[in-house]
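> fold the following.
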Amino acid sequence: MRARQLIALLPMFAAPWAAATDVSPAGGEEIIELRINGQEPGSTLFVRRDTSGALLVRAEDFDDLRLKPPQLATIVVDGAAYFRIDAAMGADLRFNGATQSVDVTLPADAFLPTVTALSDAPLRPATVSPGAFLNYNLSTQQVAGFNESGALLELGFFSRLGVVTNSMVAREAVERQGSTRLDTTFTYDMPARLATVRVGDGISSSGAWGRAVRFGGLQFGTNFATQPTLVTTPLLAARGEAVVPSTVDVFINSRRVASEAVPPGPFAIENLPAITGAGELQVVVTDALGRQQVLAQPYYSGPSLLRAGLNEFSFEAGAIRNDYAIESFGYGDPFAAATFRHGITNSFTAEVHAETQTGHANAVGVDAAWQLGAVGVLTATTAFGSDQDDSGWLAGIGAERSGHRVHVFGRTQLASAKFVQIGLSEFEPRPKQRTFAGVGIDLERFGTVQFAYGHQSFWDSNPVETLGASYSVTLGAYGFVSLYANHTGGQLPQTDVYLGWTMPLGSRRSVGSSVAYRPDTAAGESVEATATLQQNLPAGSGTGYYLSVSSTEDAQASLSYQGRAGQAGLEYSRRSDTDGWRATALGGLTLTSAGVLPTRWLDQSFAVVQVADYPDLTVYVENQPIGRTDRKGRVLLDRLRPYDTNQVSLDPAELPLDASLSSPTASLTPAYRSGAVVRFPITRATAATMRLLQESGEPVPAGARVHAPGGEATVALHGLIFLTDAAGYNEASASWPGHRCRFSFQRPDDGDPMPDLGEVRCLATNP
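Numbers count the residues shown, from 1 in each chain. Take a look at the predicted model:
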């Protein structure tokens, strides 16, 4: 009895294809070409056929054919396992004895799925040239007879080891004089780890419910800006089936984001970037005959979600900064804070935040965001905070839904009277409730409407409530109109209504008018009409201005100029019968291996481009003219995108005739607030012509070979020679049958791309 039970259990421990043979093959193995669902070329295999006409294919060949193993019993012949392809798995077989081939048609679900994942853009190493920069913002003004001057200065040093910056402000005024240090920070980015280390002054991460504070110390955290092409929100996946080899195009909100060729069977294209908000994903499958099937599904993606497996963190420790911009070294209580977010799934993100301040507050809390299908995102927060005397709680809930036509958001947060957290001064009112909500409606060609509501109440102060509404519509070539209304409640209620119209007059200039109405001012109702004319500064060098006059006899006028060396401006203003003027100068200096260059204020990455020593050449960034080279062939490009590809180019038509440029474009990937030096590969043409004569005065015969340091040439009629490389002083020789001579020449460096050196004597030597 036990022997029978053991025999019955043996199939459970065998390979899944090692089942009993219930069909006998009709003959031995034969070689055929197997074509499945029209795939070319076919596969040459050893197969068998059984008495029922089914095709028997070796088990190890099924994986190569991307076929799912059948659920039925498997044939074992001479120790080899075979799977049956027949009508039971939906197969249609057509044998061709003349060509020893079999055409098989199978349904899509008979194949193993094909999975394609779109990868993130490759990480490009940043280009950094060691150097330094100095930014300055100088101003002087006079209002109602009182003079005031000031300066904001920032000094920075950069290299591959990071960036060190120090900023300070100086004032010369009646109420305050002297200088104050603002921030001193060392920043080191690690793009491969998506992280940044900062040592010195900084601002802490608050998380979903905490308070951001200025501090001096150490900060280490995630910095998604070091990989600007990385998609941090949840990614989508397109799935479907193809019966024959097909092309799959994936569209998100009618914009194609992927195109892949897929074999027959189920397929999945993963890691598709989603556009934030509600949208629709469409999958279009096109076969070789042009037949299409379209699959569509709605989706929702919110900015408060991280994609599955992605982390975001920030850790800070140091001392809280007090009296910022007043005291240079006003550091107070030690503190520490930590924030960690994790995308648990594509629809659920969790956050933990903890903070502590010596002698004052300790708080810890969690926040979570759930995506509710295509409906929207729900968030929930809870935290507990305490100090030496009190403890309390904080809780909040929110929801958002951003659709094609309607955007809705709302969040409310409650705190107990004893809840404390870092950075909360004893003079600040303790929050009790904060509620914010809004809705935006896109009326398409009829404009957009927005409503917003805010309410803040405190345990030891009066509440504040705000209600606002706005409407804007485009009038085509006649500009656009905006209407705003806002009411703030509380002890001093106030209502403002604003109606404005703006019409562009080209790419930089615009004209406009507005009416502002305030019904509850101290002097009663207030109505003010204003007319404006302005011209914005260009991306490169140029001027801008602003003119404004109102019905209350107030006025404002300003004129600005922007060049390679910075920006200067002059402004006049009249308000409530008081006149004032201000003059400003904004710019900087850079020091790199290309030398010292004046520049505009540098708050982003930059690069110095050098084009040999050719002056007055236009340099483009992303096909937009940014500047022209100076007398040394240099131009500084500011406002470049850090850790991203910035396309820089020249116009070859502007190059002199003696210049040869191998490529008119270059790609730059600068680091954060650092500079790079890029030299375009320019080759100067040093060609020259001359007439080579023998000692007798006769021309060297045509066909003679000239051997020069810059290369060889052939003598033309009348002794004429053209040399492509003849720079400087050269010694050369010429030879023809039975003769040889030597000569020398000097090419002048006068800017002529191809000078004529005239007649040159060639002295005979032994052949």
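
> ok, Thr435 to Gly398 distance?
As for Thr435, its distance to Gly398 is 10 Å (criterion: CB to CB, to the nearest Å). (Each C-beta comes from the backbone N, C-alpha and C, glycine too.)

> between the two, point out the one with more neighbours.
Comparing Thr435 with Gly398 by other CB atoms under 10 Å, the one with more neighbours is Gly398, at 21 against 17.

> how about the more buried one, secondary structure?
strand (DSSP: H, G, I helix; E, B strand; the rest coil).

> Thr448 bridge partners, please.
Assessed by DSSP bridges, Thr448 has beta-bridge partners Asp442, Ser472.

> contacts for stretch 681-692?
611-612, 614, 655, 657-663, 699-700, 704, 706, 710, 715, 718-727, 734, 743, 745, 747, 753-760, 762 (CB atoms under 8 Å, 6 or more residues apart in numbering).

> now which of those would you call buried?
Neighbour-count burial (16 or more other CB atoms under 10 Å) applied to the contacts of stretch 681-692 gives 611-612, 614, 655, 658-659, 699-700, 704, 706, 710, 715, 719, 721, 723, 725-726, 734, 743, 745, 747, 754-755, 757, 760, 762.

> looking at those residues, which are in strands?
659, 706, 721, 723, 734, 743, 745, 757, 760 (DSSP state E).

> of those residues, the lowest pLDDT goes to which?
When these are compared by pLDDT, Ala659 scores lowest at 77.

> what bridges to it?
The partner residues for Ala659, given DSSP bridges, come to Arg684.

> do Ser510 as well
With DSSP bridges applied, Ser510 shows beta-bridge pairing to Pro504, Gln534.

> residues near it, how many?
Ser510, neighbours per other CB under 10 Å, totals 16.

> Gln534 is in contact with that one, correct?
Yes: between Ser510 and Gln534 there is a contact under CB atoms under 8 Å: 5.9 Å.

> what bridges to Ser167?
Glu154.

> how about Gly542?
Gln562.

> hmm, Ser560 and it touching each other?
No: here Gly542 lies out of contact with Ser560, judged by CB under 8 Å, at a distance of 9.4 Å.

> the two: who's more crowded?
The residue with more neighbours, out of Gly542 and Ser560 and counting by other CB under 10 Å, is Ser560; that gives 19 against 14.

> mind listing what that one touches?
Per CB under 8 Å, 6+ apart, neighbours of Ser560: 537, 543-545, 567-569.

> 7 Å instead?
By CB atoms under 7 Å, 6 or more residues apart in numbering, the residues touching Ser560 are 537, 543-545, 567, 569.

> surely Ala764 and Cys741 touch.
Yes: Ala764 lies in contact with Cys741 (CB atoms under 7 Å); the separation is 4.9 Å.

> quick one, which of the two is more surrounded?
Cys741 (21 against 12).

> show me what contacts Asn486?
Asn486 touches 466, 468, 496, counting by CB under 7 Å, 6+ apart.

> which among those count as buried?
466, 468, 496.

> for the stretch 501-650 of the chain, give me the ranges with low pLDDT.
For the stretch 501-650 of the chain, the stretches flagged by pLDDT under 70 are 520-524.

> and the strands in it, which stretches?
509-521, 524-535, 542-550, 555-563, 566-575, 578-592, 595-599, 605-610, 618-621, 624-628, 634-640, 646-650 (DSSP state E, counting those that start in this stretch).

> tell me what the closest residue to Thr222 other than its chain neighbours is bridged to.
In this structure, Thr222 finds its nearest non-sequential neighbour in Glu312, 4.5 Å apart by CB to CB, 6 or more residues apart in numbering. Using DSSP bridges, the beta-bridge partners of Glu312 come out as Arg341.

> likewise for the one 5 residues further on?
Beta-bridge partners for Ala317, by DSSP bridges, are Leu218, Ala336.

> next, count neighbours for it.
16.

> and Phe111, how far from Ile32?
Phe111 is 20 Å from Ile32, by CB to CB.

> in the protein, what helix or strand scores lowest on average pLDDT?
helix 2-9 (a mean of 38; mean pLDDT, DSSP states H and E).

> where does the prediction get shaky in the stretch 201-350 of the chain?
254, 270, 273-280, 288-290, 297-302.

> assign Leu305 to helix, strand or coil.
Quick answer, by three-state DSSP: Leu305 is coil.

> with adjacent residues omitted, what lies nearest to it?
Using CB to CB, 6+ apart, the closest residue to Leu305 is Thr349 (4.9 Å).

> quick one: contacts for Ala212?
With CB under 7 Å, 6+ apart, Ala212 has these contacts: 203-206.

> cool, and Ser43?
Counted by CB under 7 Å, 6+ apart, Ser43 has contacts 34, 65.

> what do you get if the cut-off is 8 Å, keeping everything else the same?
With CB under 8 Å, 6+ apart, Ser43 has these contacts: 33-36, 61, 64-65.

> any idea how far Glu33 is from it?
Distance from Ser43 to Glu33, by CB to CB: 7 Å.

> I'd like the distance between the residue nearest to the spatial centre of the chain and Asp644.
In the chain, the centroid-proximal residue (CA atoms, centre = their mean) is Pro228; its distance is 3.5 Å. In this view, Pro228 and Asp644 are 5 Å apart by CB to CB.

> cool, and Glu241?
Taking CB to CB, one finds Glu241 at 38 Å from Asp644.

> which strands or helices does the helix or strand that contains Thr379 pack on?
Using DSSP states H and E, Thr379 falls within strand 377-386. Contacts defined by 3 or more CB pairs under 8 Å, 6 or more residues apart in numbering; DSSP states H and E place strand 377-386 against strand 361-371, strand 391-402.

> with respect to burial, which of the ones you listed scores highest?
Ranked by mean neighbour count, the helices and strands packed on strand 377-386 are led by strand 361-371 with a mean of 20 (mean count of other CB atoms under 10 Å).

> partner strands of that strand and their direction?
With DSSP bridges as the test, strand 361-371 pairs up with strand 348-357 (antiparallel), strand 377-386 (antiparallel).

> and the residue lying closest to Gly200 once chain neighbours are set aside, what element?
Spatial nearest neighbour of Gly200, chain neighbours left out: Thr185 (3.9 Å); criterion: CB to CB, 6+ apart. Per DSSP H and E: Thr185 is located in strand 177-190.
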